[in-house]
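**Student:** with the sequence up front, the predicted model follows.
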Amino acid sequence: MADRIVFGSDHAGLSLRAEAVRVATAAGFEVEDLGPFSGDSVDYPDFAARVGQAVAEGRARLGILVCGTGIGMSIAANKVKGVRAAHCTTEFEARMARAHNDANVLCMGERVIGLGLGGAVTAAFLAQTFEGGRHQRRLDKIAALDR
């Protein structure tokens with residue numbers, strides 16, 4: 001079975017979310033898109049919670065969230081216990097978020113990075129694995145902050 005990735009956005013992230021879904025599907029991931037499915041104004045914390053809970057509960061291995069800047073989604077998603085959401089604007093940040101921080105939710109801003117770079121950031125995030133080793137000790141300390 002393919003790894004499951006769950007997606008969400010607000011009204012300002014519809015196009016980049018669709019591009020990220022396309023990239024993940026092309027890479028062989030199973031995709032669940034949680035919306036929204038129109039351009040009507042919505043509240044980004046609602047979608048951050050849905051994606052964060054799906055990842056934290058193990059219904060998806062990774063999540064991807066998009067809003068106008070990516071900042072609000074990151075703040076909201078990180079409120080869900082067990083989520084390590086990383087706001088990334090470059091491919092390097094996306095790779096390091098996975099390799100060193102085992103980030104399980106990628107947050108991007110459509111108004112900041114656009115579709116081309118956003119697709120590349122998505123691909124980098126999905127292709128990278130956690131390196132473990134010395135980084136696990138640091139993740140354990142982050143997890144302790146949840147308690």
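**Tutor:** Arrived safely, thanks for sending.

**Student:** gap between stretch 53-65 and the chain center?
**Tutor:** Relative to its chain's centre, stretch 53-65 lies at 9 Å (CA atoms, centre = their mean, to the nearest Å).

**Student:** with stretch 110-119 instead?
**Tutor:** 14 Å.

**Student:** and the helices in this structure?
**Tutor:** Remark: helices assigned in the chain by DSSP state H are 14-26, 44-56, 71-77, 91-101, 110-127, 134-146.

**Student:** can you list those helices in JSON lines and add distance to residue 34?
**Tutor:** All C-beta atoms are positioned from the backbone trio N, CA, C, and that covers glycine. Formatted as JSON lines, those follow (distance: least, CB to CB, whole Å):
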{"stretch": "helix 14-26", "distance to residue 34": "10"}
{"stretch": "helix 44-56", "distance to residue 34": "5"}
{"stretch": "helix 71-77", "distance to residue 34": "12"}
{"stretch": "helix 91-101", "distance to residue 34": "21"}
{"stretch": "helix 110-127", "distance to residue 34": "16"}
{"stretch": "helix 134-146", "distance to residue 34": "23"}
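
**Student:** count of neighbours near residue 52?
**Tutor:** As a burial measure, residue 52 scores 27 neighbours (other CB atoms under 10 Å).

**Student:** from residue 74, how far out is it?
**Tutor:** To residue 74, residue 52 is 11 Å away according to CB to CB, to the nearest Å.

**Student:** quick one: contacts for residue 71?
**Tutor:** 87, 107, 109 (CB atoms under 8 Å, 6 or more residues apart in numbering).

**Student:** correction: residue 44
**Tutor:** Neighbour list for residue 44: 9, 10, 65, 67, 72, 73, 76 [criterion: CB under 8 Å, 6+ apart].

**Student:** still on that earlier bit, who touches both of residue 52 and residue 74?
**Tutor:** Residues touching both residue 52 and residue 74 (CB under 8 Å, 6+ apart): residue 85.

**Student:** quick check: residue 69 touching residue 89?
**Tutor:** No: using CB atoms under 8 Å, residue 69 is not in contact with residue 89, being 9.5 Å away.

**Student:** anything in contact with each of these two?
**Tutor:** 109, 112.

**Student:** who has more neighbours, these two?
**Tutor:** Between residue 69 and residue 89, residue 69 has the larger neighbour count (other CB under 10 Å), namely 20 against 17.
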